[in-house]
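Enquirer: return atomic coordinates for the entry below.
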Amino acid sequence: MKKININTHKMSKRDVRRERMGERECVEEKTPLKVKPHFVLIHGISGGSWCWYKLKSMMYDSGYMVTCIDLKGAGIDPSDPNTILSFDEYNKPLLDFLSSLPNNQKVILVGHSAGGLSVTQATHKFPDKISLAIYVAATMLKNGFLTEQDVKDGAPDLSEYGDAYDLQFGLGSNQPPTSATVKKELQRKVIYPMAPPEDYILASMLLRPGPINALQNARFPEGNPSIEKVPRVYIKTMYDKVVKPEQQDNMIAKWPPSHVYVLESDHSPNFSSPFALFGILVKVATSIGCM
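Expert: Sure thing, here's the model as predicted:
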């Protein structure tokens, strides 16, 4: 298991000004200053950009650019999740954001949980606008849910908790469910067992039904060589009850990333281990060099 140490050192007033301006010197002497990396954070099912409030604060304080995306029907997006039936529609806010970026600008994508599917689709479509893809306790499947094994590896299995979901049937009771939420009485136990009480309470107030039909239909083209242009990192969560460690190991083995980091965390390190998660993100961003 790799432990992350964030070292501190005394900084001159000049260095402090540079940090606050979001600038960092390259290792090479006499190289011009560069703007710090731009992180784009993508939530999982039922979440929203609010899930990242701790990480966003840390990043801003350290001078990084950071954007949090509300996917369709999530966060403050007003769409009814029961009307979102395709993954393309669900992920449109992220794809629109990447499409709007200048051609010479790249971002680091960070996807949590089902947000990993959003990251993967983005790398299929915009490989030249992504400098790095980071999966945090996330579904990391090269082509989405193509096979039964993909579903076993990448989709949460909460069957041990019995009837774990509140389901809605927007297409009729005789059709598959269109949205789902983990039942309130299970949320603390399953999703946030290590989170501070105030974060669990916040989440219990803000979680929305997620468009499960759209997510289950997430499939991406096979044989696309462009996707391998984007380096990937996986952050594994050791005490995860949603995407279990053995599922994460299976996905890592099937589509190996360049690095795997380990957090002693539940499924939501953005709440339960924000400082350690931030440390890994900064370490990884630094490792890809000046941008």
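
Enquirer: give me the below-cutoff pLDDT ranges for the stretch 101-250 of the chain.
Expert: Applying pLDDT under 70 to the stretch 101-250 of the chain picks out no residues at all.

Enquirer: my guess is Pro37 contacts Val110. True?
Expert: No. Pro37 is beyond contact range of Val110, at 10.8 Å (criterion: C-beta atoms under 8 Å). Using the backbone N, CA and C atoms, a C-beta is placed for each residue, glycine as well.

Enquirer: of these two, who's got more company?
Expert: Taking other C-beta atoms under 10 Å, Pro37 and Val110 do not tie; Val110 has more neighbours (28 against 25).

Enquirer: downstream of the helix or strand hosting the more buried one, the next helix or strand is which one?
Expert: Using DSSP states H and E, the element containing Val110 is strand 107-112. Downstream of strand 107-112, the next assigned helix or strand under DSSP H and E is helix 115-125.

Enquirer: check which helices and strands that following helix sits against.
Expert: Applying 3 or more C-beta pairs under 8 Å, 6 or more residues apart in numbering; DSSP states H and E, one finds that helix 115-125 contacts strand 38-42, helix 92-100, strand 107-112, strand 130-136.

Enquirer: any idea how far the third one is from the chain center?
Expert: Its chain's average C-alpha position is 6 Å from that of strand 107-112, according to C-alpha atoms, centre = their mean, to the nearest Å.

Enquirer: how about the residue nearest to the spatial centre of the chain, nearest residue that isn't a chain neighbour?
Expert: Per C-alpha atoms, centre = their mean, the C-alpha nearest to the average position across the chain is that of Gly111, at 1.5 Å. Nearest residue to Gly111, sequence neighbours excluded (C-beta to C-beta, 6 or more residues apart in numbering): Val119, at 3.7 Å.

Enquirer: residue contacts, that neighbour?
Expert: Ile42, Leu109, Val110, Gly111, Ala133, Ile134, Tyr135, Ala138 (C-beta atoms under 8 Å, 6 or more residues apart in numbering).

Enquirer: again, but for Leu171
Expert: Thr178, Asn213.

Enquirer: state the distance from Asn213 to Glu89.
Expert: Asn213 sits 11 Å away from Glu89, going by C-beta to C-beta, to the nearest Å.

Enquirer: who has more neighbours, the two?
Expert: Asn213 (23 against 16).

Enquirer: any idea how far the more buried one is from Pro176?
Expert: Between Asn213 and Pro176 the distance is 6 Å, computed by C-beta to C-beta.

Enquirer: quick one: the helices in the protein?
Expert: 13-20, 53-61, 87-90, 92-100, 115-125, 148-154, 184-190, 197-206, 212-216, 245-254, 269-272, 274-287 (DSSP state H).

Enquirer: no further queries at this time; thank you.
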